[in-house]
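Novice: Sequence and predicted model, in that order:
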Amino acid sequence: MSYRIVIPARYASTRLPGKPLAMLAGKPMIEWVYQAGLKSAASEVVIATDDQRVLQVAEAFGAKVLMTSGQHVSGSDRIAECCNLLGWGDQQLVVNLQGDEPLMPPACLDQVASLLDQESTAGIASLYWPIADTAEFNDNHAVKVVCGEQQQALYFSRSPIPCGPVPNYRQANRHLGLYAYRNHELQALSQLQENALERQERLEQLRWLANGNQIRMAKAVEFIPPGVDSPEDLERADKALSEIQFKIQSKF
């Protein structure tokens with residue numbers, strides 16, 4: 001199996017402007033994400049951005065980086081443009097490593113690519129993790145996924161699902177925003193229009209399901225810490241990465 005990673009990095013984040021360049025344990029966040037990609041089995045890691053500031057910082061630490069349109073509404077659309085600019089083939093496997101995931105385990109990148117490689121009937125693959133407690137189950141920032149008997153995604157929601165007379169978080173799974181695509185499927189998805197479900201839930205993957213596309217799911221081989229969306233998340237990630245650096249330095 002051969003796959004490539006693209007890291008979409010938008011500077012103008014609504015909740016945390018300039019997020020890719022936020023400093024974590026002495027390095028910009030985008031550098032931590034890039035390093036996670038390099039530790040995987042991917043044959044190439046590319047950063048796709050819409051801002052010269054991100055471009056300059058990424059080039060300074062040696063990354064391969066491309067400028068893309070500032071009009072994209074999703075990371076998937078930005079990755080689709082990147083694939084076109086680089087001339088990748090229709091069957092190329094591409095993993096979307098979001099630019100706010102500095103603690104991404106490299107093993108999960110390999111897993112999601114392998115999952116799609118082994119599934120000929122799906123154009124997209126993604127991962128989930130069991131919900132930890134009732135608070136997470138009820139948290140609108142925690143996206144939940146319900147899967148079918150063949151581990152295909154049936155629905156994604158910010159609401160507590162599955163729901164019944166006595167909602168039970170132990171039956172629920174949190175969707176992890178890590179995707180693998182075949183390039184030809186990604187190009188088709190980028191041409192789809194936003195639909196009502198996507199607007200209501202603010203989840204682009206619902207556009208794919210609504211148009212008959214299958215998303216193959218699996219439980220992640222390792223826990224993936226939440227991404228960075230707020231100042232509190234920045235503080236948490238900074239602490240975690242500082243501790244990792246301290247442990248590494250203590251060995252020498």
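Specialist: Ah, there it is.

Novice: So for stretch 142-155, what gets flagged as buried?
Specialist: Buried positions in stretch 142-155, judged by neighbour count with 16 or more other C-beta atoms under 10 Å: A142, V143, K144, V145, V146, C147, Q151, A153, Y155. All C-beta spots, glycine's among them, are computed from the backbone N, C-alpha and C.

Novice: how about the nearest residue to the third one once chain neighbours are set aside, phi and psi?
Specialist: Ranked by C-beta to C-beta, 6 or more residues apart in numbering and with sequence neighbours excluded, the top spatial neighbour of K144 is I161, at 5.0 Å. When read as degrees, to the nearest 10, the backbone of I161 gives phi -140, psi 150.

Novice: Kindly state the pLDDT recorded for I161?
Specialist: At I161, the model reports a pLDDT of 95.

Novice: My guess is it contacts Y155. True?
Specialist: Yes. With contacts counted by C-beta atoms under 8 Å, I161 reaches Y155, the gap being 6.8 Å.

Novice: Need the overlap of contacts for these two.
Specialist: Counting by C-beta atoms under 8 Å, 6 or more residues apart in numbering, the common neighbours of I161 and Y155 are V146.

Novice: from the buried residues of stretch 142-155, which two are the most distant?
Specialist: Largest separation among the buried residues of stretch 142-155 by C-beta to C-beta: A142 and Q151, giving 20.0 Å.

Novice: mind checking how far Q249 is from E243?
Specialist: According to C-beta to C-beta, to the nearest Å, Q249 and E243 sit 11 Å apart.

Novice: Which one of the two is surrounded by more residues?
Specialist: Counted by other C-beta atoms under 10 Å, Q249 and E243 do not tie: E243 has more neighbours, with 11 against 8.
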